[in-house]
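Asker: Build me a structure from this.
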Amino acid sequence: MKYSVDKQEHFAIFAPEEKNVNSLIAPELKSELFILSQEGVKSLIFDMSKVEFIDSSGLSALLAGNRLWPNGGFVLADIKSDFVKNLIEISRIDSVIQILPSLEEAKQFVLELETEGGSASE
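Answerer: The predicted structure follows:
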């Protein structure tokens, strides 16, 4: 599976370089997400801009990511494929995972989430 990871202070952006997030790459995707969570990544923005197809295994990997970053720390961003958008809506994943239209909005969201979380614990 080809992908890039841009680690920043408050979050990381995970960007698959694959058009298909399916059963062939879902196990490796879950492993990579687990490794990032264990490395202490605070929040993860999953860049969906190059994903044109996703199947149930791919959706399962996204749900696994959501479990690794509870409380809104796992965000999907920049979904361009109508097929992917429709499948996410039909499967109701959009009711569980925060989805934002652009990477910039996703970055702002996770920064605000961290600020809110930080002030609530003081």
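
Asker: ok now whichever strand or helix holds Leu59, how far from the chain's centre?
Answerer: Applying DSSP states H and E as the criterion places Leu59 in helix 56-68. Here the centre of helix 56-68 is set off from its chain's centre by 9 Å, with Cα atoms, centre = their mean, to the nearest Å.

Asker: Only C-alpha atoms, please: export it in PDB.
Answerer: Extracted in PDB, the C-alpha atoms of helix 56-68 (Å, rounded to 0.1, in the frame of the first residue of the first chain):
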ATOM      1  CA  SER A  56     -16.700  -2.900   3.300                       C
ATOM      2  CA  SER A  57     -13.200  -3.900   4.300                       C
ATOM      3  CA  GLY A  58     -12.100  -0.300   3.700                       C
ATOM      4  CA  LEU A  59     -15.000   1.000   5.700                       C
ATOM      5  CA  SER A  60     -14.000  -1.400   8.500                       C
ATOM      6  CA  ALA A  61     -10.500   0.100   8.500                       C
ATOM      7  CA  LEU A  62     -11.900   3.600   8.800                       C
ATOM      8  CA  LEU A  63     -14.000   2.500  11.800                       C
ATOM      9  CA  ALA A  64     -10.900   0.900  13.300                       C
ATOM     10  CA  GLY A  65      -9.100   4.300  13.000                       C
ATOM     11  CA  ASN A  66     -12.100   5.900  14.700                       C
ATOM     12  CA  ARG A  67     -11.700   3.600  17.600                       C
ATOM     13  CA  LEU A  68      -8.000   4.300  17.900                       C
END
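
Asker: List the strands paired with the following helix or strand past it, with their directions.
Answerer: As assigned by DSSP H and E, the chain's next helix or strand after helix 56-68 is strand 74-77. Applying DSSP bridges to the sheet, strand 74-77 is found paired with strand 44-47 (parallel), strand 98-100 (parallel).
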